[in-house]
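Peer 1: Return a 3D structure for these sequence lines:
(one chain, ligands or ions: 1)
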Amino acid sequence: MIQVRKAVIPAAGLGTRFLPATKAIPKEMIPIVDVPMIQYIVEEAVASGITDIILITARHKEAIENHFDYNYELEDSLDKKQKSDLAEISRRVGNLCNLVAIRQKSPMGLGHAVLCAEPVVGNEPFAVLLGDDLIDNPARPCTRQLIEVYERERASVVGVMEVPAADVSKYGIVGGKMTGHGLMEVDHLVEKPRPEAAPSRFAIPGRYVLSPAIFSCLRETKPGKGGEIQLTDGLQLLAQRERLLAFQYEGTRYDTGDRLGFIDATLAFALRRPELASGVRELMKKHLGGL
Ligand code: G1P
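Peer 2: Down below sits the predicted model:
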């Protein structure tokens with residue numbers, strides 16, 4: 001059986017929800033504490049056994065590629081100033097993975113972005129991780145959990161979480177038969193349905209492990225919601241041709257594409273850092289004192 005070693009990370013979006021921060025820098029480079037959002041995503045993939053990252057990018061996104069490269073001048077000058085620990089922080093990011101960047105030349109949707117990766121993924125199963133969703137589980141990264149399901153069941157699998165009915169219209173929603181152990185045999189998917197049209201309350205927060213058959217499905221997928229080629233619609237076609245599973249992963253999810261979700265993640269990650277935790281607690285007390 002072919003191992004899952006490639007991951008596609010779509011990063012071609014304009015990031016308009018974070019303007020003006022995203023006017024001149026990619027939204028993926030905005031840090032949570034001091035680590036750019038996309039580095040958390042790449043680290044999840046690497047901790048899950050992925051070696052090759054296929055980044056789907058667009059114009060003005062070069063900073064992401066530079067981040068995962070060495071920065072010789074910086075590292076050399078830090079070494080010379082006896083700051084090798086900082087040089088090491090920089091080098092470690094450069095050593096995380098092999099990175100291939102492919103341009104999505106026009107914004108035709110998430111399904112189209114994934115299809116852009118086909119020449120590099122080829123005929124292998126692969127993971128997809130969306131950059132706006134941080135899923136925290138240091139012991140068992142979400143993508144690792146999905147790869148384990150893929151290897152055991154030999155079927156494509158999407159990670160799902162249960163959301164309130166009022167929130168189904170923010171996500172791709174799956175429908176099908178629960179079979180126990182957090183697994184569902186998926187027979188139906190809808191992109192951002194109205195609550196009354198949702199097949200369930202199980203939402204896909206941006207983690208997938210897919211068979212390469214998804215590519216022919218995406219090629220046949222017509223523009224859907226918002227006039228874009230949706231990954232969820234491609235998966236609906238895949239479910240008609242092959243077995244597709246949904247798995248209720250274990251982990252805490254932060255919607256870092258949303259400003260409050262971003263602040264939530266920032267506080268949670270800062271409180272976990274030994275050198276920052278007590279200072280952050282003091283700041284929170286100070287700000288909450290008058291409330
Ligand atoms: C995308 C997908 C959607 C998925 C969501 C997760 O939507 O199209 O199916 O549930 O990501 O964050 P977006 O949030 O990019 O509009």
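Peer 1: Going by proximity to the ligand, name the top residue of the stretch 51-200 of the chain.
Peer 2: G172 (2.6 Å; C-beta to the nearest ligand atom). All C-beta atoms are positioned from the backbone trio N, CA, C, and that covers glycine.
Peer 1: what pairs with that residue across the strands?
Peer 2: Beta-bridge partners recorded for G172 (DSSP bridges): E191, I204.
Peer 1: so what's it up against?
Peer 2: V158, L189, V190, E191, K192, A203, I204, Q230, L231, T232, L235 (C-beta atoms under 8 Å, 6 or more residues apart in numbering).
Peer 1: among those residues, which ones are buried?
Peer 2: V158, L189, V190, E191, K192, A203, I204, Q230, L231, T232, L235 (16 or more other C-beta atoms under 10 Å).
Peer 1: got CSV for those residues, with pLDDT and distance to K177 too?
Peer 2: Listed next are the buried ones among the contacts of G172 as CSV, based on pLDDT from 0 to 100; distance: C-beta to C-beta, whole Å:
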residue, pLDDT, distance to K177
V158, 98, 15
L189, 97, 14
V190, 97, 16
E191, 97, 21
K192, 97, 23
A203, 98, 18
I204, 97, 17
Q230, 97, 23
L231, 98, 22
T232, 98, 19
L235, 98, 16
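Peer 1: which among these are in contact with the ligand?
Peer 2: Restricting the buried ones among the contacts of G172 to those touching the ligand (C-beta under 6 Å from any ligand atom) yields E191, A203, I204, Q230, L231, T232.
Peer 1: how about the fourth one, what does it touch?
Peer 2: Q230 sits next to G109, L110, G111, G172, E191, T221, G224 when contact means C-beta under 8 Å, 6+ apart.
Peer 1: One more: the first one?
Peer 2: Residues touching E191, when contacts are defined by C-beta under 8 Å, 6+ apart, comprise G172, I173, G224, K225, Q230, T232, D233.
Peer 1: let's see it at 7 Å
Peer 2: G172, G224, K225, Q230, T232, D233 (C-beta atoms under 7 Å, 6 or more residues apart in numbering).
Peer 1: ditto for the fifth one
Peer 2: Under the criterion of C-beta under 7 Å, 6+ apart, the neighbours of L231 are L110, G111, V114.
Peer 1: Not counting its neighbours along the chain, what's nearest L276?
Peer 2: By the measure of C-beta to C-beta, 6 or more residues apart in numbering, the closest residue to L276 outside its immediate chain neighbours is A270, 5.1 Å from it.
Peer 1: so what does the helix or strand harbouring that neighbour touch, helix or strand wise?
Peer 2: Using DSSP states H and E, A270 sits within helix 259-271. Packed against helix 259-271 by the contact rule (3 or more C-beta pairs under 7 Å, 6 or more residues apart in numbering; DSSP states H and E) you find strand 31-32, strand 252-255, helix 277-288.
Peer 1: Just checking the distance from the last one to the centre of its chain.
Peer 2: If you compare the mean C-alpha spot of helix 277-288 with that of the full chain, they lie 30 Å apart, counting by C-alpha atoms, centre = their mean, to the nearest Å.
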